[in-house]
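> quick one, fold the following:
(chains A and B)
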Amino acid sequence: MSVNATVPGPSAGLDFDMLAVEDVSRHFGRRRALSHISFQASRGTILGLLGPNGAGKSTMLALLGTLLRPTSGVIRYGARAHADSSPALRAAIGVLGHDLFLYPELTALENLAFFAALCGVAEPGGAATSALERAGLADRANDPVSSFSRGMRQRVALERALIHVPRLALLDEPFTGLDDASTAALVARLRSLRDAGAIVILATHDLDLAEGLLDHAVFLRDGRMVESLARPEALRATYRTVMTRGRA
Amino acid sequence: MFLRSVWLVLRKDLTVEVRSMEIALTTVFFAVSAVMVFAFALVREGQAPEDGAAGILWIAIAFAGTLALGRTFERERQSETLRALLLAPAPRPAIYVGKLLGILALLSAAEAMLVPLVAFLFQAPFLAHPVWLAAILVSGTAGFAAVGTLFAAMLVRVRSRDVLLPVLLYPITVPVIIAGVRATAALLQPEVDFAIVRFWMALLIAFDVVFVTLALWTFEPLMTD
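Below is the predicted model of the structure:
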């Protein structure tokens, strides 16, 4: 995997310098998935959503990705509020889900070219080819995704999420299935995205990989934000402290 | 951007289907089996019941259509690709129209096989007025698929979607199926009264306009939450 990142900018969709989550709650029927969450992330930031299973990390990403609406509270993309979810706003957002959002019957090249075209990329075929080179999968471009290993699919899925050079990248467990070399390349890629001015928000369980990568960490437990730290250090110890706080 | 997105989704669906042939084969196999069963049950000494062919053709189309709708969206559910489509900056109604056209293409292919089969087994002169028949089939299938595509997309993350889809779909599309049966039956008469055919066709087109308009209007809000 190569680490070159294209600079996100206004051509990629709505341009904004700040993402602000203001007192956001989300309920599914009577179940409370998120309760009164607030945080901010500015350009050139990698923010981690950390917490155990069921903490609400994926729901938060779905809200940020405009797939869900908050039950209460506001999400602001610069001056634009979530309620204005429009193609221009979605063009500025790239999402890597826990499921990979790839068609197994299509080749890697076809998958990437399809999503690039759907995202309005000027030369979808060229962008797809470049993305596969970045993923180190150029020689497998014409193989169906169903023949790929989990790690290879994860690399294609990451390129799919970033192919339109989004201002905001939302990544759910991006390290799943990656070998050491691919993990190192992904870490370098995330850093280059940050350096290029993107806002990267990742939900992960892997505290060792998150260590030293995050500029900001938001700790979630049972749908509540229990801590928010800038430049977090000793992440594993902090996580243990934060998650056991208030539990007798 | 709207038409381009429609074309991209349609082309993707057709490419995936050509590679797997999963939906086309199951749909055609099911529809042909249903028609054969009806033929063995209803045709006595070479005599088919009057107007039976029209009803059996539309029953086969409705059942095959339900099967195709369920499988099409099951495919989008397996890798959560429907979420990826909704996350893309394409207009969301364009995603709906692309999916609708893909289902229409599949059902049209199934109908191309069903019509001669039903015509042969029930001795029905379907091909006496091929343009009228094509118009009735297209408008009837469009109305059925317009509602079905919306419901199948809505139910994609519901656990009991296979049960709920026909439960929701059939009561709403019964007027379309009845209009399709009456228009087709009118076309099969020895002396075709085209005023009757036109009346049922107009009704079918009215259903199409209403259903497609409602679906385009409600697709985005229904899929967002």
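> enumerate the residues of chain A near chain B.
Residues of chain A found near chain B (C-beta under 8 Å from any C-beta of the partner chain) are A:13, A:65-69, A:85, A:87-91, A:93, A:95, A:97, A:99-106, A:110, A:114-115, A:117-120, A:144, A:160, A:164. The way it works is simple: take the backbone N, C-alpha and C, and place the C-beta from them, glycine included.
> give the buried subset of these as a PyMOL selection command.
Filtering these down to the buried ones (16 or more other C-beta atoms under 10 Å in any protein chain shown) takes a single PyMOL command:
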select buried, chain A and resi 13+65+66+67+68+85+87+89+90+91+93+95+97+100+101+102+103+104+105+106+110+114+115+117+118+119+120+144+160+164
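> ok, the nearest residue to B:Leu121 once chain neighbours are set aside to A:Asp99 distance?
Computed as C-beta to C-beta, 6 or more residues apart in numbering or on different chains, the closest residue to B:Leu121 that is not its neighbour in sequence is B:Ala39, at 4.0 Å. According to C-beta to C-beta, to the nearest Å, B:Ala39 and A:Asp99 sit 44 Å apart.
> you'd agree A:Phe219 is in a strand?
Yes. According to DSSP: H, G, I helix; E, B strand; the rest coil, A:Phe219 belongs to a strand.
> so it sits right up against A:Ser228, yeah?
Yes. Using C-beta atoms under 8 Å, A:Phe219 is in contact with A:Ser228, at 7.2 Å.
> taking the residues of chain A next to chain B one by one, which sit in strands?
The strands in this structure, assigned by DSSP state E, contain A:Ile93, A:Val95 from the residues of chain A next to chain B.
> all helices of chain B, in order?
B:2-20, B:22-42, B:52-78, B:81-87, B:92-121, B:130-154, B:161-187, B:194-224 (DSSP state H).
> nearest to A:Gln154, out of those helices?
The minimum distance between A:Gln154 and the helices of chain B falls on helix B:81-87, with 14.6 Å, by C-beta to C-beta.
> so B:Leu117 sits against B:Val32, correct?
Yes. Counting by C-beta under 8 Å, B:Leu117 touches B:Val32, with 6.4 Å between them.
> circling back: higher neighbour count, A:Phe219 and A:Ser228?
A:Phe219 (23 against 17; other C-beta atoms under 10 Å in any protein chain shown).
> near chain A, which residues of chain B?
Going by C-beta under 8 Å from any C-beta, the residues of chain B near chain A are B:1, B:4-5, B:8-9, B:12, B:15-16, B:19-20, B:78-81, B:83-91, B:224-225.
> low-confidence stretches in chain A?
Filtered on pLDDT under 70, chain A yields the residue ranges A:1-13, A:82-85, A:246-248.
> show me the strands in it, by range?
Along chain A, counting by DSSP E, strands occupy A:18-28, A:31-42, A:45-50, A:72-77, A:80-81, A:93-96, A:168-172, A:199-204, A:216-221, A:224-230.
> for the residue nearest to A:Glu22 when sequence neighbours are not counted, list the residues it contacts.
Spatial nearest neighbour of A:Glu22, excluding adjacent residues (C-beta to C-beta, 6+ apart): A:Val74 at 4.7 Å. Listed by C-beta atoms under 8 Å, 6 or more residues apart in numbering or on different chains, the contact set of A:Val74 reads A:Ala20, A:Glu22, A:Asp23, A:Val24, A:Ala81, A:His82.
> show me what contacts the second one?
Spelled out, that is A:Glu22. Residues near A:Glu22 by C-beta under 8 Å, 6+ apart: A:Ser38, A:Gly73, A:Val74, A:Ile75, A:Arg76.
> state the distance from it to B:His129.
Separation of A:Glu22 from B:His129 (C-beta to C-beta): 64 Å.
> please apply the same query to the first one.
Here A:Ala20 is placed at a distance of 64 Å from B:His129 (C-beta to C-beta).
> tell me the contacts of the residue nearest to B:Pro91 when sequence neighbours are not counted?
Nearest non-adjacent residue to B:Pro91, counting by C-beta to C-beta, 6+ apart: B:Phe2, 5.2 Å away. Contact criterion C-beta under 8 Å, 6+ apart gives B:Pro91, B:Pro93, B:Ala94 as the residues in contact with B:Phe2.
> what is the nearest of the residues you listed to chain A?
B:Pro91 (6.1 Å; C-beta to the nearest C-beta).
> chain neighbours aside, what residue packs nearest to B:Leu155?
Nearest residue to B:Leu155, sequence neighbours excluded (C-beta to C-beta, 6+ apart): B:Arg161, at 4.0 Å.
> my guess is the one you found contacts B:Gly70, does it?
Yes. Between B:Arg161 and B:Gly70 a contact is recorded at 7.2 Å, counting by C-beta under 8 Å.
> now for those two: what residues contact both?
What both B:Arg161 and B:Gly70 touch, as defined by C-beta under 8 Å, 6+ apart, is the set B:Ala152.
> picking up where we left off before, of the residues of chain B next to chain A, grab the buried ones for ChimeraX.
To isolate the buried subset of these in ChimeraX, counting by 16+ other C-beta under 10 Å, use the following:
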select /B:5,8,9,12,15,16,19,79,80,81,83,84,85,86,87,88,89,90,91
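> surely B:Leu14 touches B:Leu101?
No. The criterion here is C-beta under 8 Å, and B:Leu14 misses it with B:Leu101 at 9.2 Å.
> ok, the two, which is more surrounded?
Ranked by neighbour count (other C-beta under 10 Å), B:Leu14 and B:Leu101 place B:Leu101 first, with 20 against 14.
> ok, the more buried one to chain A distance?
Distance, B:Leu101 to chain A, using C-beta to the nearest C-beta, to the nearest Å: 15 Å.
> which residues touch that residue?
B:Val6, B:Leu10.
> low pLDDT regions in chain B?
Flagging of chain B using pLDDT under 70 yields the residue ranges B:225.
> residue farthest from the centroid of it?
Relative to the centre of chain B, the most outlying C-alpha is that of B:Glu45, 32.2 Å out, by C-alpha atoms, centre = their mean.
> please report phi then psi for that one.
Dihedral pair for B:Glu45: phi 50, psi 40, per degrees, to the nearest 10.
> just give me the neighbour total for residue 63.
In the absence of a named chain, chain A is used. With other C-beta under 10 Å as criterion, A:Leu63 counts 25.
> meant chain B, my bad for not saying
Residues contacting B:Phe63 under the criterion other C-beta under 10 Å number 17.
> not counting residues beside it along the chain, what's closest to it?
Nearest non-adjacent residue to B:Phe63, counting by C-beta to C-beta, 6+ apart: B:Ala34, 6.0 Å away.
> so who does the one you found touch?
B:Ile56, B:Ile59, B:Ala60, B:Phe63, B:Ala64.
> identify each buried residue in stretch A:16-25, please.
Of all the residues in stretch A:16-25, those buried under the rule 16+ other C-beta under 10 Å are A:Phe16, A:Leu19, A:Ala20, A:Val21, A:Val24, A:Ser25.
> rewinding a little: can you add distance to A:Arg150 and give the contacts of A:Val74 back as TSV?
Listed next are the contacts of A:Val74 as TSV, based on distance: C-beta to C-beta, whole Å:
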residue	distance to A:Arg150
A:Ala20	35
A:Glu22	37
A:Asp23	38
A:Val24	32
A:Ala81	37
A:His82	32
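> so which of the residues you listed is the closest to A:Leu193?
Distances from A:Leu193 to these, taken by C-beta to C-beta, are shortest for A:Ala20, at 19.8 Å.
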